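Participant: Sequence plus the predicted model coming up.
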Amino acid sequence: MRLDDLPRFHLAEFPTPIHSLESLTKKYQGPAIYMKRDDLTSLGMGGNKTRKLEFLIGEALKQKKKTLITAGGIQSNHCRLTAAAAKKADLHCHLVLNGNPPVIPNGNLLLDTLFGAEIHFCNREKRDKKLLEVTAELEKAGKKPYLIPVGGSNSIGSVGYVAGMLELARQLEELSLAPDAIIFATSSGGTQAGLTLGAEICGFKGNVLGISIDQVSAGSDAFPPVLATITNETAARIGSDIRMTESDFSLNYDYLGAGYAMPGELEFNAIEDLALNEGILLGPVYTARAMGGLLDMIQKGFFTKDQTVLFWHTGGTPELFAWADRFSKNSEYIYPET
């Protein structure tokens, strides 16, 4: 396996810790809940995209690129971390964000500006076209752009979560833990592809369950083919002969709520649960939806009291500040631009 031979740019300190959520476990009367803290990666307020960006930027530098370009919503965690990683790698960064520029930037958008990213706003339906247009303009201007897909979800970025799963396997052995399931938010597919492939490589026997957080990844016909493609291309990239089919991925579509970036009571209750019981913060769009789903599954008896589950916290804490009005008891809540 060629994992250690691939281009990689150091962005964070690994391994991230595993914490026992004893208070939350007690409140919900089992199963034992643990958390893998990828929200604690050191770059730009943390998150799962850091693992992907180590390999994506490694490849960009190998190709002697000078500018990173990617796309997402105004509160995109991926864009925030791409902007931060660009500064660390001494690269320029352009972000194509769908939505209207607010009078006062907050959350991830504020951090994008602090990291010096050049931002291009557009309508969601025009984002893909705008991304290609900006890339072409940068190429023409001699800026040597390196285009990163939404979420960093391709065979290069996904290698980061193969490495992450192998990291987890070593930690579980040291802690004598054997989770019955790993639960995490899934959207663009790179994290789930890497984790599933890594689980197969290291012989993990539990369920690697992604909780879908948006309609793009929802539906049995839409998302598994994407996961299979990314996983198999990643396997080929690292020199593994493992190949997976659509049926090899475990997905839950029950917690889509009002849609992407439109959190409701499920998400806000999960945020408050973790904050008040564990002193841990969740992001409203991704991790709160996945944690809300996990807690609902526990209450419905999906897991037994004698089982163990590990929640992989993929970050997103800066999102919280874009929803500050929701946590004010005396204000009428309005969804922010996404």
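Facilitator: Sure thing, it's come through. Numbering: from 1, shown residues only.

Participant: Point out where this structure drops to low pLDDT.
Facilitator: Scanning the chain for pLDDT under 70 picks out 215-221, 329-338.

Participant: Would you mind splitting this structure into its domains for me?
Facilitator: Recorded structural domains for the chain (assignment: automatic domain parsing) are 3-47+154-327, 49-152.

Participant: Throw those into JSON lines and include mean neighbour count, thanks.
Facilitator: Where C-beta positions appear, they are placed from N, C-alpha and C, glycine not excepted. Below are the domains of the chain laid out as JSON lines (neighbours: other CB atoms under 10 Å):
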{"stretch": "domain 3-47+154-327", "mean neighbour count": "20"}
{"stretch": "domain 49-152", "mean neighbour count": "20"}
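
Participant: Residue 263: what's it in contact with?
Facilitator: Residue 263 makes contact with 257, 284, 285, 288, 289, 323, 326, according to CB atoms under 8 Å, 6 or more residues apart in numbering.

Participant: one more time with 6 Å
Facilitator: residue 284 (CB atoms under 6 Å, 6 or more residues apart in numbering).

Participant: How are the strands of the stretch 51-200 of the chain distributed by residue range?
Facilitator: Ranges of strands within the stretch 51-200 of the chain are 67-73, 92-98, 118-122, 145-147, 181-186, based on DSSP state E, counting those that start in this stretch.

Participant: Could you check those and tell me which one is nearest residue 242?
Facilitator: With CB to CB, the closest approach to residue 242 among the strands of the stretch 51-200 of the chain belongs to strand 181-186: 17.9 Å.

Participant: Let me see the ranges of the helices in the stretch 1-150 of the chain.
Facilitator: Ranges of helices in the stretch 1-150 of the chain, per DSSP state H, counting those that start in this stretch, are 22-27, 49-62, 77-88, 107-114, 127-140.

Participant: can these go into TSV with extra columns for distance to residue 227?
Facilitator: As requested, those are exported to TSV (distance: least, CB to CB, whole Å):
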stretch	distance to residue 227
helix 22-27	29
helix 49-62	15
helix 77-88	18
helix 107-114	25
helix 127-140	20
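
Participant: Nearest to residue 293, out of those helices?
Facilitator: Between residue 293 and those, the tightest spacing by CB to CB is seen for helix 22-27, at 14.3 Å.

Participant: What's the separation between residue 8 and residue 272?
Facilitator: Residue 8 sits 38 Å away from residue 272, going by CB to CB, to the nearest Å.

Participant: surely residue 109 meets residue 74?
Facilitator: Yes. Using CB atoms under 6 Å, residue 109 is in contact with residue 74, at 5.2 Å.

Participant: Do I have it right that residue 227 meets residue 249?
Facilitator: Yes. With contact defined as CB under 6 Å, residue 227 counts as touching residue 249 (4.8 Å).

Participant: Name the residues that touch stretch 91-106?
Facilitator: With CB under 6 Å, 6+ apart, stretch 91-106 has contacts from 67-69, 71, 73-74, 79, 83, 86, 112-113, 117-122, 124, 127, 130-131, 134, 321-322, 337.

Participant: ends of that stretch, how far apart?
Facilitator: Taking CA to CA, to the nearest Å, the first and last residues of stretch 91-106 lie 24 Å apart.

Participant: How about stretch 230-245?
Facilitator: 11 Å.

Participant: same thing with stretch 259-270?
Facilitator: Start-to-end span of stretch 259-270 (CA to CA) is 17 Å.

Participant: And for stretch 244-262?
Facilitator: First-to-last distance for stretch 244-262 - CA to CA - comes to 33 Å.

Participant: tell me how far it is from the chain's mean position?
Facilitator: Distance, stretch centre to chain centre, for stretch 244-262: 14 Å (CA atoms, centre = their mean, to the nearest Å).

Participant: Isn't residue 289 up against residue 267?
Facilitator: Yes. Look at residue 289 against residue 267 with CB under 6 Å: they come within range, at 5.2 Å.

Participant: circling back to that earlier point, relative to residue 19, which of the strands of the stretch 51-200 of the chain is closest?
Facilitator: When these are compared by CB to CB, strand 181-186 sits nearest residue 19, at 14.5 Å.

Participant: any idea of the angle the strand or helix carrying residue 227 forms with strand 181-186?
Facilitator: Element membership of residue 227, judged by DSSP states H and E, is helix 223-238. Going by axes from the mean of the first three to the mean of the last three CA atoms, to 10 degrees, helix 223-238 is angled at 100 degrees with respect to strand 181-186.

Participant: Which strands or helices does helix 223-238 pack on?
Facilitator: Using 3 or more CB pairs under 6 Å, 6 or more residues apart in numbering; DSSP states H and E as the contact test, the elements touching helix 223-238 are helix 190-202.
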